[in-house]
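In: Curious how this folds, go ahead:
(2 chains)
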Amino acid sequence: DGGITQSPKYLFRKEGQNVTLSCEQNLNHDAMYWYRQDPGQGLRLIYYSQIVNDFQKGDIAEGYSVSREKKESFPLTVTSAQKNPTAFYLCASKGGRGFNQPQHFGDGTRLSIL
Amino acid sequence: GNSVTQMEGPVTLSEEAFLTINCTYTATGYPSLFWYVQYPGEGLQLLLKATKADDKGSNKGFEATYRKETTSFHLEKGSVQVSDSAVYFCAPHDSGYSTLTFGKGTMLLVSP
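Out: Sure thing, here's the model as predicted:
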């Protein structure tokens, strides 16, 4: 079955450490997105990519980095510059170029600080 | 930029009660409108969508009608079940933007 796979499900970060969250999709979608979700909050966009080798900052990109070397993969690195990284991170993808296509979401990665 | 206003939760209902979750939005263009649902510990799933004025999206007993004149997309269900307990997000996608805009979400708690 086609879908989006995020790993790991739970991740712990030590102070000063960079960690990378994986997102893989086999839906053949061009666009991919990373969101951050805090308790009681909506989703805030971190980065998005509409095509391989290109990506754009979202509303809260500071302290994060991404790459898009393959269509299927859009990893997110939470750097040590992100001072409050504890959150639920969601990856999504979207097919087609129109704005009437929905985004498809993975099951998320929960990141905590040790 | 765009914005979305959803009614604050939690919304607490008894099983078989009628549900309405209000959503209004601002947009510069003529957006497509989506409702997503998030069950505990999971990602978001598309619940329903509408892409033009007066369209009604429906799925699993939920409905929402695209009201361009009031810029609203209220979610309704005639008889909720315990299994409907989740967080519901309204999200317009404006033609002038590359991404969705999400509301803060409304938690629904249904008791037996």
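
In: List the contacts of residue B:67.
Out: B:53, B:54, B:73, B:74 (CB atoms under 8 Å, 6 or more residues apart in numbering or on different chains). C-beta coordinates here come from the backbone N, C-alpha and C atoms, glycine included.

In: Buried ones only from those, please, as a PyMOL command.
Out: Buried members of the contacts of residue B:67, defined by 16 or more other CB atoms under 10 Å in any protein chain shown, are picked up in PyMOL with:
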select buried, chain B and resi 73+74
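
In: how close does residue A:75 get to residue B:14?
Out: Here residue A:75 is placed at a distance of 45 Å from residue B:14 (CB to CB, to the nearest Å).

In: what about those two, which has more around it?
Out: residue A:75 (17 against 10; other CB atoms under 10 Å in any protein chain shown).

In: quick one, what contacts the more buried one?
Out: Shown in contact with residue A:75 (CB under 8 Å, 6+ apart): A:20, A:21, A:22, A:23, A:66, A:67.

In: And the residues you listed, which of them are buried?
Out: Buried residues within those, counting neighbours by 16+ other CB under 10 Å: A:21, A:22, A:23, A:66.

In: Show me which pair in those residues is furthest apart.
Out: Spatial extent of the buried ones among the contacts of residue A:75 (CB to CB) is set by the pair A:22 and A:66 at 11.7 Å.

In: which residues of chain B fall in strands?
Out: For chain B, strands defined by DSSP state E occupy the ranges B:3-6, B:11-14, B:19-21, B:23-26, B:32-38, B:44-50, B:56-59, B:62-65, B:75-77, B:86-93, B:106-111.

In: Enumerate every residue touching the residue nearest to residue B:72 when sequence neighbours are not counted.
Out: In this structure, residue B:72 finds its nearest non-sequential neighbour in residue B:24, 4.9 Å apart by CB to CB, 6 or more residues apart in numbering or on different chains. Residues in contact with residue B:24 (CB under 8 Å, 6+ apart) are B:4, B:5, B:70, B:71, B:72, B:73.

In: Which pLDDT value goes with the third one?
Out: Residue B:70 carries a pLDDT score of 94 in this model.

In: Read off the pLDDT value for the residue of chain A found nearest chain B.
Out: Closest approach between chain A and chain B, counting by CB to the nearest CB: residue A:105, at 3.6 Å. Listed pLDDT for residue A:105 reads 95.
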